[in-house]
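Peer 1: only geometry, no sequence info:
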């Protein structure tokens, strides 16, 4: 069953559209350094744990019998230039300026592109849905691979390696992940304040370990020259392409730079990247390459092959290694928390933009922005994470599944950015192509490299994304068909008002609010009320909720009130896609416009629709069943819109679809 208004009906507005690059409007402009430190914990958690496995897995793609010192320099150079081109140039310097009134992320970019086009198009919707679906895939893989890789570090600790085998690693990993997901409903506002300082310590430790080992092979510093990366790709053919796919793991998490921009602001995030995160990551990769170079030289001197090694944990001296493993485990928990919180935020945006049905969203902090909890998403992510850990059993196996979701998201982001710079910023086509064509070529190259791993794990994010895209497309398509049917079968509002004027019914004290989603059609709840009660209230308001393509709205843009006469009003309440609807609060604001309500004398009428299958349906059988399931399990509109439960009347009807 569904209630008015169907939230998939998301209206876009061209008002206040972005006309050029703008800075983010992160909260607390006077708290620059606290925001910068906070961003280190939330924004850079994912990319900050990449050193645990990225260099190891990239180097492991080269057969041991072919590994040479030049190959280590090539892999390191690829990693460094991936950080420079993908993270620094594309995200930090360019995409962070393509904000939607301070908000970033793939859905914010989609909404901004829709505003620039002044309409909703299938192409832009498809890009947004694909990007969102791939992000959920990232949300499943990141906790699994990061925590698993940290726990695997126990194998390198003296005294633990003889009994800390694969089964023990899996058990400890699942215990940590279970505790993490179980804690989500309590919120992370209190412990979240520690995330920034913890990750600052983590990044400083990464840099320090790197500096400690560069002396083992100072020649690795030559990797800053891109000719080592290009030479490696030219001389290694297919192996070079496989290595490129693994090297991309060094930049996983870059998409979080824009997704969390609304919480911290563009400049604090950029400052944290240049002052701390990038230098420390680069130094750590230099250190890992130096250790590998020294180990390779020793193996060659002994006429032995260099086996696979966990270079990250070997950086720590044996007496420090247990502490290094514990610190890594804490960092991966913080990184996983950031991804889970990002999935909750993305879900809220997707609901408001009409991509998903209503879900109950719990605010877990009255003071911290973005602290929400979405139970279905939390436990679906948990089930997915557990299945991945049990299926792949190692971080090395999961690495094959990781890159596709991130590279796919980056391709989508670049495509949406092209629309933004053309339609919102007004760039000429040659200028837009000059900037974005090389970035898109880079994204497609990385995506192609990761597609080679489809059979060895890359199918996982593709399967997850395909299922979520089908779900989103079914929800949007079904809701549009439902609205069209209601308009076709409903009574035009103008005709209803004429009938009321000709044959005035009796009136009762108080006010009635009829929620509706169709602008020119009489609400079904109003028709049923007249049919059963034969009377009207003194004040009758048809209220329509409109979800805008802007993240936040000023109070001056919130309400639109039309006096229809004879005790009838039409009220439109607008919300940004980062806002949670609160209808009683909006009605209180109506007082400023001369429309006053006493909530305790106001009744809210909702249409509760039971959808039944129709032989003439435009939806296939499986999509129709999926849409009915989504409707039945969507959140109760009373709680979603914050309506007073004791003042709500639901009137049922049956609709064939």
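Peer 2: Sure thing, it's come through. Given the structure is predicted, the values throughout are model-derived calculations rather than measurements.
Peer 1: hey, let's count contacts and neighbours off CA atoms from now on
Peer 2: Fine.
Peer 1: And the longest strand anywhere in the chain, what's buried?
Peer 2: Ranked by residue count and defined by DSSP state E, the top strand of the chain is strand 535-547. Using 16 or more other Cα atoms under 10 Å as the test for burial, strand 535-547 gives 536, 537, 539, 540, 541, 542, 543, 544, 545, 546, 547.
Peer 1: helices or strands next to it in the packing?
Peer 2: If contacts are counted by 3 or more Cα pairs under 8 Å, 6 or more residues apart in numbering; DSSP states H and E, strand 535-547 sits against strand 506-516, strand 568-575.
Peer 1: okay, the angle between the one helix or strand residue 333 maps to and strand 535-547?
Peer 2: Using DSSP states H and E, residue 333 falls within helix 321-352. Per axes from the mean of the first three to the mean of the last three Cα atoms, to 10 degrees, the angle that helix 321-352 makes with strand 535-547 is 130 degrees.
Peer 1: Just after helix 321-352, pick out the following helix or strand.
Peer 2: Following helix 321-352 toward the C-terminus (DSSP H and E): strand 362-363.
Peer 1: about what we covered before: go through the helices and strands packed on strand 535-547 and name the closest to residue 217.
Peer 2: strand 568-575 (57.5 Å; Cα to Cα).
Peer 1: What pairs with that closest one, parallel or antiparallel?
Peer 2: Looking at strand 568-575 with DSSP bridges, its partner strands are strand 535-547 (parallel), strand 559-565 (antiparallel).
Peer 1: Return the mean pLDDT over it, rounded to an integer.
Peer 2: Average pLDDT, strand 568-575: 93.
Peer 1: now the longest strand of the chain, how far from the centre of its chain.
Peer 2: 35 Å (Cα atoms, centre = their mean, to the nearest Å).
Peer 1: residue contacts, residue 96?
Peer 2: By Cα atoms under 8 Å, 6 or more residues apart in numbering, residue 96 lies in contact with 24, 104, 257, 258, 261, 266.
Peer 1: Over to residue 562?
Peer 2: 569, 570, 571.
Peer 1: measure the residue most central in space within the chain to residue 385 for me?
Peer 2: Using Cα atoms, centre = their mean, the residue of the chain that lies closest to the mean C-alpha position is residue 346, 4.2 Å off. Taking Cα to Cα, to the nearest Å as the measure, residue 346 falls 18 Å from residue 385.
Peer 1: So, low pLDDT: which residues of the stretch 251-400 of the chain?
Peer 2: 365-370 (pLDDT under 70).
Peer 1: Please apply the same query to the chain.
Peer 2: 1-30, 161, 188-190, 365-370, 613, 615-616.
Peer 1: returning to what we had before: which residues sit against the longest strand of the chain?
Peer 2: Contacts for strand 535-547 (Cα under 8 Å, 6+ apart): 5, 9-12, 352-353, 505-519, 523, 529-530, 567-577.
Peer 1: Now a ChimeraX select for only the buried ones of those residues.
Peer 2: Applying 16+ other Cα under 10 Å to the contacts of strand 535-547 leaves a buried subset, and the ChimeraX line that selects it is:
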select :5,9,10,12,352,353,510,511,512,513,514,515,516,517,518,523,529,568,569,570,571,572,573,574,575,576,577
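Peer 1: would you list every one of the helices in the stretch 101-250 of the chain?
Peer 2: 106-117, 122-152, 166-182, 189-214, 227-247 (DSSP state H, counting those that start in this stretch).
Peer 1: Can I get those in CSV including mean neighbour count?
Peer 2: What follows is the helices of the stretch 101-250 of the chain, written out as CSV (neighbours: other Cα atoms under 10 Å):
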stretch, mean neighbour count
helix 106-117, 27
helix 122-152, 25
helix 166-182, 16
helix 189-214, 19
helix 227-247, 20
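Peer 1: Indicate which one of these is closest to residue 625.
Peer 2: That would be helix 122-152 among those, by Cα to Cα, at 20.7 Å.
Peer 1: any idea how far the closest one is from the chain center?
Peer 2: On Cα atoms, centre = their mean, the centre of helix 122-152 falls 8 Å from that of its chain.
Peer 1: What is it packed up against?
Peer 2: helix 106-117, helix 166-182, helix 321-352, helix 375-392, helix 395-419, helix 459-489.
Peer 1: mind running it again at 6 Å?
Peer 2: helix 321-352, helix 375-392, helix 395-419, helix 459-489 (3 or more Cα pairs under 6 Å, 6 or more residues apart in numbering; DSSP states H and E).
Peer 1: Looking at those, which is nearest to residue 130?
Peer 2: So among those, helix 459-489 is nearest, using Cα to Cα, at 6.3 Å.
Peer 1: domains of the protein?
Peer 2: Domain assignment for the chain by automatic domain parsing gives 33-476, 491-656.
Peer 1: Can you lay out the ones you listed as JSON lines showing distance to residue 484?
Peer 2: As requested, the domains of the chain are exported to JSON lines (distance: least, Cα to Cα, whole Å):
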{"stretch": "domain 33-476", "distance to residue 484": "12"}
{"stretch": "domain 491-656", "distance to residue 484": "9"}
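Peer 1: I'd like to know which of those is closest to residue 482.
Peer 2: Distance to residue 482, taken as Cα to Cα, is lowest for domain 491-656 among the domains of the chain, at 8.3 Å.
Peer 1: chain center to that closest one, what's the gap?
Peer 2: Between the centre of domain 491-656 and the centre of its chain there are 30 Å (Cα atoms, centre = their mean).
Peer 1: likewise stretch 316-328?
Peer 2: 32 Å.
Peer 1: same deal with stretch 286-296?
Peer 2: For stretch 286-296, the distance to the chain centre is 36 Å (Cα atoms, centre = their mean).
Peer 1: ok, back up a step: quick check, nearest of the buried residues of strand 535-547 to residue 94?
Peer 2: Nearest member of the buried residues of strand 535-547 to residue 94, counting by Cα to Cα, is residue 547, at 27.7 Å.
Peer 1: how close does the closest one get to residue 353?
Peer 2: In terms of Cα to Cα, residue 547 sits 7 Å off from residue 353.
Peer 1: tell me, how many neighbours does residue 419 end up with?
Peer 2: 22 (other Cα atoms under 10 Å).
Peer 1: Please report how far it lies from residue 127.
Peer 2: 11 Å.
Peer 1: do residue 185 as well
Peer 2: The value you get for residue 185 to residue 127, if Cα to Cα is used, is 31 Å.
Peer 1: how much space between residue 588 and residue 154?
Peer 2: For residue 588 relative to residue 154 (Cα to Cα), the value is 59 Å.
Peer 1: Comparing the two, which shows the higher neighbour count?
Peer 2: residue 154 (23 against 14).
Peer 1: how about the closest residue in space to residue 254 that isn't next to it in sequence, secondary structure?
Peer 2: The shortest distance from residue 254 to any non-neighbouring residue, by Cα to Cα, 6 or more residues apart in numbering, is to residue 87 (5.9 Å). With DSSP: H, G, I helix; E, B strand; the rest coil as the basis, residue 87 sits in helix.
Peer 1: Identify the residues contacting residue 583.
Peer 2: Counting by Cα atoms under 6 Å, 6 or more residues apart in numbering, residue 583 makes contact with residue 641.
Peer 1: where does it fall, phi/psi-wise?
Peer 2: Here the main-chain torsion angles of residue 583 (degrees, to the nearest 10) amount to phi -70, psi -40.
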